[in-house]
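# Sequence and predicted structure, then a few things I'm wondering about:
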Amino acid sequence: MISTAGVILIAGFLAITVLLGFLGYKNTHSTADYLVGGRKMHPFVMALSYGATFISTAAIIGFGGAAAVFGLGIMWLTALNIFIGIFIAYVFFGTRTRTMGQNLDAHTFPELLGKRYGSQFLQNAAGFLIFFTMPLYAGSVIIGGITFIVQSTGIGYDTALLLFTVLVAVYVVFGGLKGVMYADAFQGAVMFCGMLFLLVYTYIQLGGFTEAHRALTEMKPDAIAVFGARGHLGWTSMPAAFSPFWWQLVSSIILGVGIGVLAQPQLVVRFMSVQSSRELTRALAPGAVFILVMTGTAYTVGALSNVYFMRAAGKISIAAAEGKTDSIMPLFITQAMPSWFIPVFFITLIAAAMSTLSSQFHTIGTALGRDVLENKIKIHTSPLLVNRICMCAGIVFSAGIAYILPRLYTGGTAIIAAGTALFFGICAAAFLPMYIGTLYLKCASRSAAIASFFSGITVSLFWILFVHEKEAAAIGLCTLLTGKAILFPMIAYVNPIVAALPVSAIVYGIVTANTNPVEEETVQKAFQGL
């Protein structure tokens with residue numbers, strides 16, 4: 001349980017967060033302020049906000065728990081997070097997104113796509129997709145946050161879900177993107193300090209860097225005894241090539257999240273919030289360091305938790321957590337860390353969850369409010385009010401997902417990592433080919449964008465419902481229609497992104513080559529200054 005001093009510390013953190021949300025509210029005077037921070041955010045604030053939005057409880061709790069199962073091979077995801085999620089994203093996507101967004105007066109990712117391709121239909125479709133799929137990711141983040149709350153305080157899951165969701169809702173609904181980014185920067189700094197201590201203290205607990213990794217390597221027989229049939233070769237080795245574990249690690253975790261980050265709507269809008277491309281360049285270094293410490297710590301500590309639990313209880317991590325992957329990191333923190341660190345990590349984890357959730361709620365709300373209702377239905381009322389109402393709807397939807405998922409997925413399934421990877425993969429298949437074409441192809445075709453969007457979604461949904469075992473078995477539609485849990489057992493562990501993204505890209509290329517490009521006036525306006 002958390003001490004009185006810890007409660008005071010947590011209350012102080014929450015008070016500062018709410019205050020920053022209030023400052024965002026006071027400084028929000030226009031739609032541009034609410035949606036893109038007035039396009040004048042400081043690069044350091046942008047870097048911390050981008051990183052804090054990117055790294056959530058999904059990374060710390062979900063993927064940290066996954067690292068305890070799969071091992072240090074998951075560190076390839078850290079490499080992709082930095083190279084693709086920071087360097088490629090900032091240099092090759094960010095600067096052009098910022099300039100094109102300003103040229104087209106776009107305030108959201110769907111609006112950028114819609115205006116670039118001259119298609120209101122595409123903007124509406126993208127808005128609907130985000131509103132109805134991002135709650136899967138948001139729900140996973142909520143689960144990660146309240147899992148530790150339940151573990152460290154003893155309050156019930158449903159109570160923690162209600163309190164936590166309401167708290168985040170208060171400052172994101174009223175503060176807009178300014179409030180979100182102010183709070184993100186503060187929460188990102190808290191996360192960085194908390195995770196850095198976690199890494200250092202873990203190594204101290206296990207006898208230092210060399211001793212800790214030697215002990216983990218020597219536990220290879222334990223890994224093979226438990227997971228060997230699925231391809232596990234030890235926590236310091238990659239799984240056997242093309243084994244079930246290899247497909248889960250490489251296709252779902254490394255590729256799904258590592259590539260999918262480029263098409264994340266809540267991250268793309270960050271590029272539109274700064275004043276110039278030079279600001280993005282200045283944000284590159286702090287963004288990379290932040291991602292390295294956050295993900296590197298979570299994945300390393302997750303894997304090394306096996307050494308701790310073997311010494312303390314004679315069990316590997318998954319056994320100590322009674323088969324629940326998402327409980328491994330909370331259990332490790334409460335047992336291995338000093339008691340005074342529990343409230344500190346509580347704040348770290350809540351900061352991670354709140355920073356990501358606030359951005360997700362903002363994106364979910366604007367997807368429906370800005371990208372669908374304002375333009376399609378033409379509601380004659382305050383745009384800010386419309387977006388705030390839509391955010392509330394998205395928050396309720398996300399909380400519902402967080403309530404349902406643990407009841408749908410049982411038996412120790414890594415819910416957080418699975419939900420995150422699934423959403424990232426859907427975004428990559430639906431958006432990435434057309435997003436690249438948006439930024440770099442003057443010959444880009446409206447028909448190609450629409451065809452790519454729907455082909456990516458169609459293949460993703462088919463794979464989820466009929467091929468990928470984890471989702472297909474839980475949903476049960478394949479069983480209902482065919483009498484089989486999945487259609488193709490040989491590829492049951494292959495993530496949807498492996499099939500959907502190539503199909504989407506191929507369709508985009510073929511249709512672009514055989515249809516007329518967007519009107520010249522739109523192209524010239526979009527590419528002005530690029």
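Nice, thanks for sending it over.
# Check whether Gly101 really touches Met272, as I assumed.
Yes - here Gly101 reaches Met272: they are 4.1 Å apart, a contact under Cβ atoms under 8 Å. From N, CA and C alone the C-beta is placed, and that goes for glycine too.
# how many neighbours does Phe128 have?
16 (other Cβ atoms under 10 Å).
# so what's it up against?
367-368, 372 (Cβ atoms under 8 Å, 6 or more residues apart in numbering).
# Can you say which helix or strand has it in it?
helix 120-153 (DSSP states H and E).
# Report the rounded mean pLDDT for that helix.
Regarding helix 120-153, the rounded mean pLDDT is 85.
# any idea which helix or strand carries the nearest residue to Gly145 once chain neighbours are set aside?
Closest residue to Gly145 apart from its sequence neighbours, by Cβ to Cβ, 6 or more residues apart in numbering: Ala353 at 3.2 Å. In this structure, Ala353 sits in helix 341-368 according to DSSP H and E.
# counting contacts, what elements does that helix pack onto?
Using 3 or more Cβ pairs under 8 Å, 6 or more residues apart in numbering; DSSP states H and E, the elements in contact with helix 341-368 are helix 4-26, helix 43-54, helix 57, helix 120-153, helix 157-205, helix 265-271, helix 328-336, helix 383-408.
# just how off-centre is that helix within its chain?
Offset of helix 341-368 from its chain centre (Cα atoms, centre = their mean, to the nearest Å): 11 Å.
# now stretch 209-221
The answer for stretch 209-221 is 30 Å, by Cα atoms, centre = their mean.
# Mind listing residues that contact that stretch?
By Cβ under 8 Å, 6+ apart, stretch 209-221 touches 72, 202-203, 206-207, 233-237, 303-304, 306-307, 310, 316.
# When you filter those down to buried only, what's left?
Taking 16 or more other Cβ atoms under 10 Å as the criterion, what is buried in the contacts of stretch 209-221 is 72, 202-203, 206, 233-236, 303-304, 306-307, 310, 316.
# Helices - which of those land there?
202-203, 303-304, 306-307, 310 (DSSP state H).
# With respect to Phe466, which of those residues is nearest?
Ala303 (33.2 Å; Cβ to Cβ).
# pretty sure that closest one is touching Ala67, no?
Yes - Ala303 is within contact range of Ala67, at 4.7 Å (criterion: Cβ under 8 Å).
# which residues do these two both contact?
Ile74.
# So which of the ones in helices among the buried ones among the contacts of stretch 209-221 is the closest to Met434?
Using Cβ to Cβ, these come closest to Met434 at Ala303, 37.1 Å.
# Enumerate every residue touching the closest one.
Contacts of Ala303 by Cβ under 8 Å, 6+ apart are 67-68, 71-72, 74, 216, 235-236.
# so which of those comes closest to Gly529?
Using Cβ to Cβ, these come closest to Gly529 at Ile74, 40.0 Å.
# how near is that closest one to Ala421?
From Ile74 across to Ala421, the span is 12 Å (Cβ to Cβ, to the nearest Å).
# who touches both of those two?
Ile253.
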